[in-house]
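**Q** starting from these lines, generate the structure:
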Amino acid sequence: MKTFNSSTEKEAYYAKRRKKGFVIGGVGAAILGGGFILQYILYMTGHSFNGVMYSLTTIGICLVMYAAVEIFGW
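**A** So this is what the prediction gives:
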């Protein structure tokens, strides 16, 4: 657990973590959205989409979960 010398230092630390969390969450959401679009295109053209479905979904969800940890400060 991190210890702080002042409340200002604590606020700055958690503000930095929240900002990082929102950026990572946005990237994760973009990966999920891009994976959905790519999966749909592959499905409509008759190609296999299993690799895209599982890999990009797993990466996107992991990034969103990590972002939640950063935002909520757990």
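**Q** which strands or helices does whichever strand or helix holds Ile61 pack on?
**A** Ile61 is part of helix 50-72 when elements are defined by DSSP states H and E. Where contact means 3 or more CB pairs under 8 Å, 6 or more residues apart in numbering; DSSP states H and E, helix 50-72 is packed against helix 7-44. Any C-beta I mention is one placed from the backbone N, CA and C, and that applies to glycine too.
**Q** which parts of the helix it packs on are buried?
**A** Buried residues in helix 7-44, counting neighbours by 16 or more other CB atoms under 10 Å, are found at Tyr14, Gly21, Ile24, Gly25, Gly28, Ile31, Leu32, Gly35, Gln39, Leu42.
**Q** now do it against helix 50-72, angle only.
**A** Relative orientation of helix 7-44 and helix 50-72, computed by axes from the mean of the first three to the mean of the last three CA atoms, to 10 degrees: 160 degrees.
**Q** could you give the average pLDDT over helix 7-44?
**A** For helix 7-44, the per-residue pLDDT values average out at 93.
**Q** packing partners of it?
**A** helix 50-72.
**Q** show residues contacting the helix it packs on.
**A** 17-18, 20-22, 24-25, 27-29, 31-32, 34-35, 38-39, 42 (CB atoms under 8 Å, 6 or more residues apart in numbering).
**Q** returning to that earlier point: so can I have CSV of the buried residues of helix 7-44 showing distance to Val69?
**A** Shown next, in CSV, are the buried residues of helix 7-44 (distance: CB to CB, whole Å):
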residue, distance to Val69
Tyr14, 12
Gly21, 7
Ile24, 10
Gly25, 10
Gly28, 12
Ile31, 17
Leu32, 17
Gly35, 22
Gln39, 27
Leu42, 32
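**Q** what's the closest of the residues you listed to Thr8?
**A** Distance to Thr8 across those (CB to CB) is lowest for Tyr14, with 11.2 Å.
**Q** go ahead and confirm the closest one touches Lys20.
**A** No - assessed by CB atoms under 8 Å, Tyr14 is found out of contact with Lys20, at 10.5 Å.
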